[in-house]
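Enquirer: Quick one: sequence plus predicted model below, questions after.
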Amino acid sequence: MNNKQQNLYNLLAERGFEITNIEDYKNADSLLSIVCSMGHRQTDTFNNLQKNNWECIECIKAEEKQIRSTRGYLLSLDAATNTTGWAVLNKYGQLIKSGYFTADKKLPLMRRINQLIDEIERLIKEYQIEILAIEDIQLEYNTLVFKTLAMLRGILFYHFEYEKGIKVYSYGADMWRSYSNIRGTKREDKKEATLVRAKLIYERDFEEDEADALFLGKYVYSQLDKPEEEIKKYVLSKSPNENKKL
């Protein structure tokens, strides 16, 4: 075992992984077989394993199946004036329930927003929600959509944080995708990768907005106990292209 191999072996040992074929590690394309502390084995290139932060998807699946509480804690929203995806996480960050709400498209904009607020308040009451997560928005090709979503976001922040006293967190899609190792070149690729990951972990189909809300919630939950300085440091550690989108 050379120094390069020894360093990698030691690094993963500290994380609870064992590389069973360390002698095969030569470069980023080397095919490695690693076993986590729970005995789950995965085989992939060094590059792919490292890109995914050496996560064990089987451990993630097992953690999500062993629900420790059915009481809600965090409600995550991929909010829109037509269809809004939502996900409820418990105090342990596990998914309890998810779905989507579609407002009546025949109604004027403010009536649709009012319908959405009623639905959010229903979920807050049903699941005893303490924290809200709302996906941030970014300007794309349609300025009218951007202006409408910006108005919606402002109304939701005012209503729930100022009037109802519920803490609201908001992060952009690039942040939660990076956290959950969701990648893609085009928007459609990222959407598809999100659905694939959701089905892989939970073994069921999700709607697009529902899956987005889920992984937004996972990211927000991971940041709850971190000081603002640490969150900013994480943002700045992203690549220039990713930072440009935030």
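Expert: Ah, there it is.
Enquirer: Show me the longest helix that occurs in the chain.
Expert: Longest helix of the chain, by residue count under DSSP state H: helix 109-127.
Enquirer: was I right about Ile120 contacting Leu75?
Expert: Yes: applying C-beta atoms under 8 Å, one finds Ile120 in contact with Leu75, separated by 7.2 Å. The C-beta positions use only the backbone N, C-alpha and C, and glycine is treated the same way.
Enquirer: Next, find the distance separating the residue nearest the centre of the chain from Gly99.
Expert: Centroid check for the chain by C-alpha atoms, centre = their mean gives Phe215 as the closest residue, at 2.2 Å. The spacing between Phe215 and Gly99, counted by C-beta to C-beta, to the nearest Å, is 15 Å.
Enquirer: and Ala133, what helix or strand is that in?
Expert: Using DSSP states H and E, Ala133 maps to strand 131-134.
Enquirer: could you dump that strand to CSV, C-alpha only?
Expert: Output of strand 131-134 as CSV, limited to C-alpha atoms (Å, rounded to 0.1, in the frame of the first residue of the first chain):
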residue,chain,number,x,y,z
ILE,A,131,-40.7,25.8,11.4
LEU,A,132,-41.4,26.6,7.8
ALA,A,133,-39.1,26.3,4.8
ILE,A,134,-39.9,28.1,1.6
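Enquirer: Helix or strand, whichever it is, which one in the protein has the lowest mean pLDDT?
Expert: helix 240-245 (a mean of 37; mean pLDDT, DSSP states H and E).
Enquirer: Which SSE is immediately downstream of the strand holding Ala133?
Expert: Downstream of strand 131-134, the next assigned helix or strand under DSSP H and E is helix 143-157.
Enquirer: tilt between that next one and helix 109-127?
Expert: In terms of direction (axes from the mean of the first three to the mean of the last three C-alpha atoms, to 10 degrees), helix 143-157 departs from helix 109-127 by 40 degrees.
Enquirer: Pull the distance from helix 143-157 to the chain's centre.
Expert: 21 Å (C-alpha atoms, centre = their mean, to the nearest Å).
Enquirer: residues in contact with it?
Expert: Residues outside helix 143-157 that contact it (C-beta atoms under 8 Å, 6 or more residues apart in numbering): 77, 79-81, 109, 113, 116-117, 120, 132, 134, 136-140, 168, 170.
Enquirer: and Leu12, what is it in contact with?
Expert: Taking C-beta under 8 Å, 6+ apart, we find Leu12 in contact with 18-19, 34, 54.
Enquirer: That one: which element?
Expert: helix 3-14.
Enquirer: That helix - what's its average pLDDT?
Expert: Helix 3-14 carries an average pLDDT of 93.
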